[in-house]
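Participant: Make a model of this:
(one chain, ligands or ions: 3)
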Amino acid sequence: MLRIIAQRLRALCRDTDTVARWGGDEFVLLLEDVGGQDGAATAATKVVDALTQDIVLDESFGHIVLPCAGSVGVVMAPQDGTDLDALLSKANMAMYRAKAQPQACFQFWSNDINTRLHERLALEMDLRQALRENLFVLHYQPQFSLYGQQMVGLEALMRWQRTPDQLVMPHGFIQVAEECGLIVDMGAWAVLHAARQVALWLRAGLKPVPIAVNISARQCLNRDLVQVVRLALQETGIPPHLLRLEITETTAMSDADQVIGLLHEIRALGVRLAVDDFGTGYSSLAYLKRFPIDELKIDRSFVSDIATDKDNAAIVRATIALAHGLGLQVVAEGVETEAQSRFLADQHCDTVQGYLFGRPQPVDIVTQWL
Ligand code: C2E
Ligand code: MG
Ligand code: MG
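Facilitator: Ligands and ions are numbered 1, 2, ... in the order given. Now for the predicted structure:
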């Protein structure tokens with residue numbers, strides 16, 4: 001594959017240009033007198049095109065077709081610098097930006113990329129420090145049963161106490177934590193912390209309801225998760241049914257066979273499982289049936305206008321029927337109005353969660369609820 005790509009790249013270049021394999025799956029092209037930004041863009045487009053054609057390995061490999069794609073980062077000398085290492089590192093940054101785009105493409109280096117990269121690195125370092133210094137906190141949002149009208153669960157939602165008066169919400173850090181891998185440790189912290197909180201409530205003589213902890217994609221594809229859950233249960237001695245895990249639909253389906261195995265191991269520990277944000281990704285029903293899950297959580301985006309939007313109402317109705325048909329409980333997320341709640345009750349939705357019933361709150365308020 002590397003040799004075929006090298007040939008394609010060489011075919012694009014003039015004798016005065018240089019093509020080098022830089023290691024792994026990275027190539028460097030040095031184009032002289034490329035004709036300014038426009039010329040460079042044309043060249044980069046040709047490279048991307050050359051990289052996105054399937055590779056057919058010949059007979060001796062049994063006619064294998066390998067889909068192929070590539071991303072290109074472009075730097076211009078002398079405008080972007082003249083130091084070789086600096087130029088290569090800028091091209092590399094631009095290449096990673098291009099890689100982050102949904103479609104194979106190319107990207108020129110710009111100061112903007114530099115700034116964003118530095119901000120990201122700074123955020124990453126702050127997150128590492130926050131984990132070391134225990135600056136994450138869990139808030140808890142109640143889940144209510146529509147029949148008994150009582151609190152039947154809590155969802156643990158992470159916040160970052162960045163400074164004494166700055167509380168950062170998940171959208172400000174989860175994605176970066178996921179990208180740099182820190183989410184695995186943060187998620188382990190959340191599982192253990194939630195279990196310890198349940199233990200504290202039990203010791204205080206309260207009757208805690210089950211707590212659901214969100215599990216990220218990275219964490220779910222990491223086999224340590226089983227061990228994390230096992231150790232949290234061992235250390236705290238809480239009944240396992242008081243701990244639940246939520247994985248998103250997209251995660252569950254991303255590597256369904258592997259996830260099924262992992263979920264079975266966790267389920268065997270007595271911990272219940274929910275599929276989060278259901279309806280925002282796509283589910284294979286064949287897999288859904290094989291997942292050892294207990295609960296589907298219908299995403300907020302469908303619930304928000306069930307009272308007015310016929311399509312979303314139909315989707316919610318069908319999802320509830322599907323879940324019940326598979327023997328699963330249904331939780332509707334993001335319930336904000338009486339009308340939504342009534343609709344869900346009419347459709348026999350089991351559980352509701354949303355601002356109408358309670359916002360995520362810090363532990364002392366939740367202790368009073370209990
Ligand atoms: P999620 O698991 O789907 O959590 C529900 C989100 O919807 C929460 O936002 C919650 O505050 C919000 N919400 C609940 N009811 C309502 C409502 O009635 N109206 C509106 N507008 N919003 C409502 P939050 O706390 O900002 O969390 C966002 C996402 O961050 C979560 O979505 C989850 O995917 C992720 N997250 C939070 N904590 C953790 C964690 O410990 N680990 C991981 N991996 N992800 C987490
Ligand atoms: Mg959730
Ligand atoms: Mg959700």
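Participant: how about the nearest residue to the residue in the stretch 1-150 of the chain positioned nearest to ligand 3, chain neighbours excluded?
Facilitator: Among residues of the stretch 1-150 of the chain, the one nearest ligand 3 by CB to the ion turns out to be Gln141. It sits 10.5 Å away. (Each C-beta comes from the backbone N, C-alpha and C, glycine too.) The shortest distance from Gln141 to any residue other than its chain neighbours is 4.1 Å, reached at Pro360 (CB to CB, 6 or more residues apart in numbering).
Participant: and what of Ala256?
Facilitator: Across the structure, with CB to CB, 6+ apart as the measure, the residue nearest Ala256 apart from its sequence neighbours is Tyr287 (4.4 Å).
Participant: In a helix, the one you found, correct?
Facilitator: Yes: the assignment for Tyr287 (DSSP: H, G, I helix; E, B strand; the rest coil) places it in a helix.
Participant: does whichever residue of the stretch 1-150 of the chain sits closest to ligand 1 have beta-bridge partners, and which?
Facilitator: Scanning the stretch 1-150 of the chain for the residue nearest ligand 1 gives Gln141, at 5.7 Å (criterion: CB to the nearest ligand atom). The residues listed as beta-bridge partners of Gln141 by DSSP bridges are Glu155.
Participant: measure it to Thr351 for me?
Facilitator: Using CB to CB, to the nearest Å, we find Gln141 at a distance of 12 Å from Thr351.
Participant: distance between stretch 287-303 and the chain's centre?
Facilitator: A distance of 16 Å separates the C-alpha centroid of stretch 287-303 from that of its chain, computed with CA atoms, centre = their mean, to the nearest Å.
Participant: ah, wrong one, I meant stretch 323-331
Facilitator: In terms of CA atoms, centre = their mean, the centre of stretch 323-331 is found 24 Å from the chain centre.
Participant: Looking at that stretch now, give me its mean pLDDT.
Facilitator: When pLDDT is averaged over stretch 323-331, the result is 96.
Participant: Check which residues of that stretch are buried.
Facilitator: Taking 16 or more other CB atoms under 10 Å as the neighbour-count basis, stretch 323-331 is seen to contain the buried residues 323-324, 328-331.
Participant: how about those, which pair is most distant?
Facilitator: Spanning the widest gap among these are His324 and Val331, at 12.7 Å by CB to CB.
Participant: Now Leu9: closest residue in space that isn't a chain neighbour?
Facilitator: Val19 (5.0 Å).
Participant: measure the one you found to Ala6 for me?
Facilitator: 7 Å.
Participant: Which of those two has more residues huddled nearby?
Facilitator: When neighbours are counted by other CB atoms under 10 Å, Val19 and Ala6 differ, and Val19 comes out ahead with 17 against 14.
Participant: list the buried ones in the helix or strand containing the more buried one?
Facilitator: Assigned by DSSP states H and E, Val19 falls within strand 18-23. Within strand 18-23, the residues that qualify as buried are Val19, counting by 16+ other CB under 10 Å.
Participant: CA-only coordinates of stretch 180-196, as CSV, when you get a sec.
Facilitator: As requested, C-alpha coordinates have been extracted for stretch 180-196 and formatted as CSV (Å, rounded to 0.1, in the frame of the first residue of the first chain):
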residue,chain,number,x,y,z
CYS,A,180,-6.5,13.5,24.6
GLY,A,181,-7.5,10.3,26.4
LEU,A,182,-7.9,11.9,29.8
ILE,A,183,-11.6,10.9,29.8
VAL,A,184,-10.6,7.4,30.8
ASP,A,185,-9.2,8.5,34.1
MET,A,186,-11.9,11.1,34.6
GLY,A,187,-14.6,8.5,33.9
ALA,A,188,-13.0,6.1,36.4
TRP,A,189,-13.0,8.9,38.9
ALA,A,190,-16.7,9.5,38.3
VAL,A,191,-17.6,5.9,38.8
LEU,A,192,-15.7,5.6,42.0
HIS,A,193,-16.9,9.0,43.3
ALA,A,194,-20.6,8.1,42.6
ALA,A,195,-20.2,4.8,44.4
ARG,A,196,-18.6,6.5,47.4
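Participant: what about that stretch and ligand 1, any contact?
Facilitator: Yes: where contact is defined by CB under 6 Å from any ligand atom, part of stretch 180-196 touches ligand 1, namely 183, 187, 190.
Participant: Now the buried members of the residues you listed.
Facilitator: 183, 187, 190.
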